[in-house]
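Peer 1: The amino acid sequence is not available; the structure is as follows:
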């Protein structure tokens, strides 16, 4: 407040008294206690790159997702008599889903070298469950994702689906330029 344009009220600071805040109007309006910060179990894998549908490269490690069998990049699938590159398409779908985000993986206490099999999450999504339910990996027999694979197969998802339509749209002749 600019004292030249607005006259401040006369206040005797010795008369001011601090009082406690009032109680909430109801229990519903009371704030909840803060949740404790939970660190994800395991470790964070930054900027993993999918080398197959369920295998990721990060620094000098190859991470394989537990409970699933990855589709090799060179694998072909046949649907309705048409062969298509489902392994290549699976890797592309996983890379698009990852989009450079970090994975939270359950690392063992031992030192890691080479190829390691782990369970991982992308945010709160279980990576193995996503891969199998979308049809981009096979569930290992007796593993936790067998039902998800059956649903993906029934719904014709991913490798169980039809070959992608790679035909080009029909040629349309461009309009002639307008004469001046």
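Peer 2: Good, I have the coordinates. If you're wondering where the values come from, they're calculated on a predicted model, not measured in any experiment.
Peer 1: which residues of the chain fall in helices?
Peer 2: For the chain, applying DSSP state H gives helices covering 86-98, 127-133, 146-154.
Peer 1: Nearest to residue 115, out of those helices?
Peer 2: helix 127-133 (16.3 Å; Cβ to Cβ). In short, each C-beta sits where N, CA and C put it, glycine included.
Peer 1: Dump the helices of the chain into a markdown table; add distance to residue 61 as well.
Peer 2: Below are these laid out as a markdown table (distance: least, Cβ to Cβ, whole Å):
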| stretch | distance to residue 61 |
| --- | --- |
| helix 86-98 | 16 |
| helix 127-133 | 15 |
| helix 146-154 | 26 |
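Peer 1: The ones you listed: which one's closest to residue 49?
Peer 2: Nearest of those (Cβ to Cβ): helix 86-98, 7.5 Å.
Peer 1: Comparing the helices of the chain, which comes out most buried?
Peer 2: A comparison of those by mean neighbour count, using mean count of other Cβ atoms under 10 Å, puts helix 127-133 on top with a mean of 24.
Peer 1: Spatially central residue for the protein, please.
Peer 2: Nearest to the mean C-alpha position of the chain, by Cα atoms, centre = their mean, lies residue 122 at 4.2 Å.
Peer 1: What residues are recorded as beta-bridge partners of it?
Peer 2: With DSSP bridges applied, residue 122 shows beta-bridge pairing to residue 125.
Peer 1: what's the pLDDT at it?
Peer 2: Per-residue pLDDT puts residue 122 at 93.
Peer 1: Point out where this protein drops to low pLDDT.
Peer 2: With pLDDT under 70 as the threshold, the chain has low-confidence stretches at 1, 3, 35-42, 110, 112, 180.
Peer 1: at 50 instead, please
Peer 2: By pLDDT under 50, the weakly predicted segments of the chain are 39-40.
Peer 1: Kind regards, and thank you for your time.
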